[in-house]
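J.: the following comprises the amino acid sequence and a computationally predicted model.
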Amino acid sequence: MKSFRAFVIKEFKHIFRDVRTLVILFGMPIVLVVLFGFAITTEINNAKIAVLDLAHDNYSHRLLDKISSSGYFNIADDLQSYSEIEKSFSQGDIKLAVVIGENFGKKMINEKDADIQIITDASDPNTANIVSGYLTAVIQAFTLETGVVKPPKVTVKSQMLYNPENKSVFMFVPGVMTIILMLVSAMMTSITIAKEKELGTMEILLVSPLKPYVIIIGKIIPYLFLSLINAITILLLGLFVFQIPMHGDYLLLLSEVFLFIVSSLILGLLISAISDTQQAAMLISMLGLMLPTILLSGFIFPISSMPEILQYLSDTLPAKWFIIIIKSIMLKGAGIKVIAFETAFIAIITLILGILTVKKFKIRLE
Amino acid sequence: MDNKVIVAKDLTKKFGNFTAVDHITFDVKQGEIFGFLGANGAGKTTAIKMLTGILSSTSGIAKVAGYDINKERNELKKNIGYMSQKFSLYEDLTLKENIRFYGGIYGLTKKQIVTKTGELIERLRLSHIENTLISEIPLGWKQKIAFSVAILHHPKIVFLDEPTSGVDPITRRQFWNLIYEAAEDGITVFVTTHYMDEAEYCDRISMMVQGKMKAIGSLHELLEKYNAKDMDEVFLKLAR
């Protein structure tokens, strides 16, 4: 026990004396959450648009009022002719141009069929889709409001359940938490063990009376502790800065976080077992772990729109299930019964990884 | 038998078809400085790994400090010290912290650690850098500190795996003075080297060639037996 204490103290000293480690441990989570929370977002707020109003009548003015008061758009450019549209796109940072056809109001009343053209900047297809979708919705609301067009018999009312304001930060916080926990638990652990191997201190430790499992537990404990702190920091940021609701049980949430951390730590151990240098450990964790997690966990790209084979691949990632679990607990208030399958899946993967790791370590000791 | 701290009989290690250590038989007496010589890849490191209990042997038996290397590893490890050719101190810990750490993992009490730390720093005259990070200490000193740390818990045997590689001759000489002091203290020193001139510092020498122990004896005995004027010549004759 005394030797174990000496070992853990040494590990903490390694961590607190290395500036790079500290930055990754404490700077990264906050930067990532803030970055994803504020800067990278799929919502539209005050998108700049240009307007070419060829009608200049009562209805067209009402429509433009409606657009600019929606909060989504900011009419930045009032154009006079078609020829100015392209110039506006290339010079200004407008996302979209809307053209209101001649005699807009008259056509609406007399022919029940008026023309509006929407031109978007498809060099950024995602944004183009989203802004044109938002604008279409605004225009439809306008036509219904005017009462000129009778509402169709089928009325579609969509409701955004669990995230009524459709905030993307609800998605990013669980995602960022997953990435950070992977980074700290798996990558940092694998690097610190590879470092001992690279510097030759691992041999000294193996010759010492410390049992191999004590060395491994001693290596894991500080990172387990720091991962938990990180997870809690990210949760607090999400709850208080981004106002993510918490409908579920905190104890359940923390238990799931703990399970995921353990599974990541074991992944880190496995990586360290197959790499002899810090660089190798870093490369394997970056390319073999972080990239697939970021790309395939559903954090940024929706899994349902991936090719089938990648969907199967993403099913094997604990990260994917962890994100689902976090969202279910926080947004839907899910209890253990609802997320039993996901939890069991992570537990089983962890167990398999654990057995693999023990085997791999044994081979190296023989 | 009772003053023999290492007894090895037909000790063998095979990696697949490759025999790294091939039936070596030898013993080392207490307080002896035993030179374990051989070219790179002759099987020295593999042999040391078996004797220190981090690698199990394929066949043969060996007892170190009275403990079986395969069956009594825990006891064995408490009674040996080890210093490798790579550096064994932590660069981001201070001199004192390194000593405290190694004292800690060898199970010394707090009081013992404090006394031993004081003694060690006194003996090496390093009190002015006791709170300096190891990374800022010159290489020659680090080597001496590493050795002193390896014998901090006063083991029965200390294994030194090419401790002097990459060090200048003066530091090497000073390093050997520390080895003599340890031997006088009753610590058996098992040292591998590929510097043949260092062989003359040892009480007895063994020579490994391709996994086999080709010769063992004092410097005089070997020079006489192979009719050579120095160890280089003995080595060349054996390796042929």
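T.: Perfect, I can see it now.

J.: contacting residues for residue A:334?
T.: Residue A:334 sits next to A:248, A:328 when contact means C-beta atoms under 8 Å, 6 or more residues apart in numbering or on different chains. Every residue, glycine included, has its C-beta placed from N, CA and C.

J.: ok, 6 Å please
T.: residue A:328 (C-beta atoms under 6 Å, 6 or more residues apart in numbering or on different chains).

J.: got it, and the one 3 residues further on?
T.: When contacts are counted by C-beta under 6 Å, 6+ apart, residue A:337 is found next to no other residue.

J.: and the helix or strand bottoming out on mean pLDDT in chain B, how far out from the chain middle?
T.: The helix or strand of chain B with the poorest confidence is helix B:231-239; it has a mean of 84 (mean pLDDT, DSSP states H and E). Offset of helix B:231-239 from its chain centre (C-alpha atoms, centre = their mean, to the nearest Å): 22 Å.

J.: now residue B:106: how far from residue A:118?
T.: Separation of residue B:106 from residue A:118 (C-beta to C-beta, to the nearest Å): 76 Å.

J.: SS state for residue A:252?
T.: State at residue A:252, reduced to three classes by DSSP: H, G, I helix; E, B strand; the rest coil: helix.

J.: show the pLDDT at it.
T.: Residue A:252 is assigned a pLDDT of 95 by the prediction.

J.: what of the one 10 residues further on?
T.: Looking at residue A:262, its pLDDT reads 94.

J.: over to residue A:166?
T.: 66.

J.: that older thread, of residue B:106 and residue A:118, which one has the most company?
T.: residue B:106 (23 against 15; other C-beta atoms under 10 Å in any protein chain shown).

J.: surely that one and residue B:151 touch.
T.: No - Residue B:106 is not in contact with residue B:151 according to C-beta atoms under 6 Å; the separation is 10.6 Å.

J.: spit out the contact partners of residue A:177.
T.: Applying C-beta under 6 Å, 6+ apart, we find residue A:177 in contact with A:231, A:234.

J.: what about it, which SS state?
T.: Per three-state DSSP, residue A:177 ends up helix.

J.: separation between it and chain B?
T.: Applying C-beta to the nearest C-beta, to the nearest Å, the value for residue A:177 to chain B is 29 Å.

J.: what's the domain layout of chain B?
T.: Residue ranges for the domains of chain B, per automatic domain parsing: B:1-79+B:156-240, B:86-154.

J.: re earlier: what lies in contact with the least confident helix or strand of chain B?
T.: With contact meaning C-beta under 6 Å, 6+ apart, helix B:231-239 is reached by B:196, B:199, B:207, B:209, B:214, B:222, B:226, B:228.

J.: for the second one, the count of nearby residues, please.
T.: I take that to be residue B:199. 23.

J.: just the pLDDT for it.
T.: 85.

J.: ditto for the first one
T.: The model reports residue B:196 with a pLDDT of 79.

J.: pull the number of nearby residues for the nearest residue to it once chain neighbours are set aside.
T.: Closest residue to residue B:196 apart from its sequence neighbours, by C-beta to C-beta, 6 or more residues apart in numbering or on different chains: residue B:231 at 3.9 Å. Neighbour count of residue B:231, defined by other C-beta under 10 Å: 23.

J.: measure residue B:231 to chain A for me?
T.: Going from residue B:231 to chain A by C-beta to the nearest C-beta gives 27 Å.

J.: one step back: filter the contacts of helix B:231-239 down to the buried ones and express that as a ChimeraX selection.
T.: Command for ChimeraX, covering only those of those found buried under the criterion 16 or more other C-beta atoms under 10 Å in any protein chain shown:
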select /B:196,199,207,209,214,222,226,228
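
J.: give me the neighbour count for the closest residue to residue B:67 other than its chain neighbours.
T.: Excluding its sequence neighbours, the residue lying closest to residue B:67 (C-beta to C-beta, 6+ apart) is residue B:76, at 4.1 Å. Residue B:76: 24 surrounding residues under other C-beta under 10 Å.
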